[in-house]
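Visitor: Just to be clear, the model below is a prediction. Sequence and coordinates:
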Amino acid sequence: MKTTRRSTLKGLAFASLALTGSWVTAQDRPASRPMEMMVPWGPGGGADTIGRLVARWLESDLGVGAVPVVNTAGATGVIGLSKLLQTPPDGHNLGIMTSDTLMVIGLAPKTLKAADLMTLAVLSRQASGIYARADSRFKSWADVVAEAKARPGVVSVATTGPGSPDDASIDYLQTKGLKLTNVAYAKPGERYAAVLGGHVDLLFEQADDIKGHLDARTLRPLLFFTAQREAAPFGDVPVAGELGYDFLPPQMRAVVVRADTDPRRVSQLAASLDRFSASREYATYLKDQLAAPDSYVPAARTAAFLAQDIAAMKRLHALLPTAPR
């Protein structure tokens, strides 16, 4: 299998270069081989939600029949997207990439590199937050700060895995004198069950992923990683900027294919996602999932957008403590 092995920024630039062709016509639709959507996380999380929504859209918009979703969790999303690279580069196989995976492959690429993937669109952007169970001893972020300083390492946080923005955020808090213990769970349901069951104290997540728990008041937000409250889902919750925290980990979800995918298929898929961004389904998704109203980034602008995210991650990664936990 031939994959692109250039620098990260050059790899991301493929997204723009592949879109120079015109929109395809009906006869250019994918052949009879089924399409498939790879979600490199377990069922029930935000990546799974948007993956299934896009799969249903492609079924109707492109008339390709069923587009099954395959959940393959592990290694902060790297395992699932690595499997995507094992499929033919004909545009029949797509995947969902999150900021968690982008941080891993952007900062420490091993089996999977950013240059191996082409981004067709960024579909959602949300603020990260830290949450506690409703009946937790932590009623506010101030409670967490007090205990973390008095009992270093005692307070535990459920996160997505090593090398992710979650992981980096917990490390970053050490620079503010808050030593928390990071507990990784590859599957979203396991993270939520861990905090709801009292196995860990806190949860690092985006509000849209746990909206049901927030609506049911089984989880309570304590802090959002934004600069201003206006950008946070709940205006009565403190945000990082007002507390002097300058680590604001980007969180997004995007649709990707292999970097060497047939440009005609890339053009077709990108055009379909553009139509999706103007649909009622997408507007409803953004509202229901508490995502930023201007979340959508079309394929022609994804290279610059993701390069900016990686640059921000590298700058912020330099702030983190080097000592192992």
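Guide: Cool, the structure landed. Numbering: from 1, shown residues only.
Visitor: pLDDT weak spots in the stretch 1-150 of the chain?
Guide: By pLDDT under 70, the low-scoring segments of the stretch 1-150 of the chain are 1-32.
Visitor: If we use 90, what do you get?
Guide: Low-confidence segments of the stretch 1-150 of the chain (pLDDT under 90): 1-34, 42, 44-46, 74-76, 100, 103-104, 106-111, 126-127.
Visitor: for the chain, which strand is longest?
Guide: strand 117-125 (DSSP state E).
Visitor: Gln289 is in contact with Thr49, correct?
Guide: Yes. In this structure, Thr49 is within contact of Gln289 by Cβ atoms under 8 Å, at 7.0 Å. Backbone N, C-alpha and C define where each C-beta goes, glycine included.
Visitor: anything in contact with each of the two?
Guide: Common contact partners of Thr49 and Gln289 (Cβ atoms under 8 Å, 6 or more residues apart in numbering): Asp208.
Visitor: Off-centre distance for the longest strand of the chain?
Guide: Distance of strand 117-125 from the chain centroid (Cα atoms, centre = their mean, to the nearest Å) equals 10 Å.
Visitor: Are there helices or strands packed against that strand, and which ones?
Guide: If contacts are counted by 3 or more Cβ pairs under 8 Å, 6 or more residues apart in numbering; DSSP states H and E, strand 117-125 sits against helix 8-17, helix 46-62, strand 93-98, strand 252-258, helix 263-277, helix 280-288, strand 297-298, helix 299-317.
Visitor: how about 7 Å then?
Guide: Helices and strands touching strand 117-125, as assessed by 3 or more Cβ pairs under 7 Å, 6 or more residues apart in numbering; DSSP states H and E, comprise helix 8-17, strand 252-258, helix 263-277, strand 297-298, helix 299-317.
Visitor: Show me what secondary structure element comes after it.
Guide: Next in sequence after strand 117-125, counting helices and strands by DSSP states H and E, comes strand 128-133.
Visitor: quick one, what contacts the residue most central in space within the chain?
Guide: In the chain, the centroid-proximal residue (Cα atoms, centre = their mean) is Thr98; its distance is 2.6 Å. Applying Cβ atoms under 7 Å, 6 or more residues apart in numbering, we find Thr98 in contact with Ala47, Gly77, Arg253.
Visitor: Contact partners for the last one?
Guide: For Arg253, the contacting residues are Gly46, Ala47, Ile50, Ile96, Thr98, Leu123, Ser124, taking Cβ under 7 Å, 6+ apart as the criterion.
Visitor: Could you list everything it pairs with in the sheet?
Guide: Following DSSP bridges, Arg253 is listed with bridge partners Thr98, Ser124.
Visitor: what sits against the residue lying closest to Phe204 once chain neighbours are set aside?
Guide: The shortest distance from Phe204 to any non-neighbouring residue, by Cβ to Cβ, 6 or more residues apart in numbering, is to Asp166 (4.4 Å). Residues in contact with Asp166 (Cβ under 7 Å, 6+ apart) are Asp100, Thr159, Thr160, Phe204.
Visitor: switch to 8 Å and redo it
Guide: Asp100, Ser128, Val157, Thr159, Thr160, Asn182, Phe204, Pro249.
Visitor: do Leu173 as well
Guide: When contacts are counted by Cβ under 8 Å, 6+ apart, Leu173 touches Ala148, Lys179, Leu180, Tyr245.
Visitor: secondary structure element for it?
Guide: Per DSSP H and E: Leu173 is located in helix 165-174.
Visitor: quick one: that helix to helix 299-317, angle?
Guide: With axes from the mean of the first three to the mean of the last three Cα atoms, to 10 degrees as the basis, helix 165-174 and helix 299-317 are set at 30 degrees to each other.
Visitor: Which strands and helices lie in contact with the next helix or strand after helix 165-174?
Guide: Counting by DSSP H and E, the element after helix 165-174 in chain order, helix or strand, is strand 181-184. Applying 3+ Cβ pairs under 8 Å, 6+ apart, one finds that strand 181-184 makes contact with strand 156-159, helix 165-174.
Visitor: Out of those, flag the one nearest Thr218.
Guide: Nearest of the helices and strands packed on strand 181-184 to Thr218, taken as Cβ to Cβ: strand 156-159 at 14.5 Å.
Visitor: Provide the strand pairings for that closest one, with the direction of each partner.
Guide: When DSSP bridges is applied, strand 156-159 pairs with strand 181-184 (parallel), strand 202-206 (parallel).
Visitor: these two touch, right, Gly241 and Leu223?
Guide: No. Counting by Cβ under 8 Å, Gly241 stays clear of Leu223, with 10.9 Å between them.
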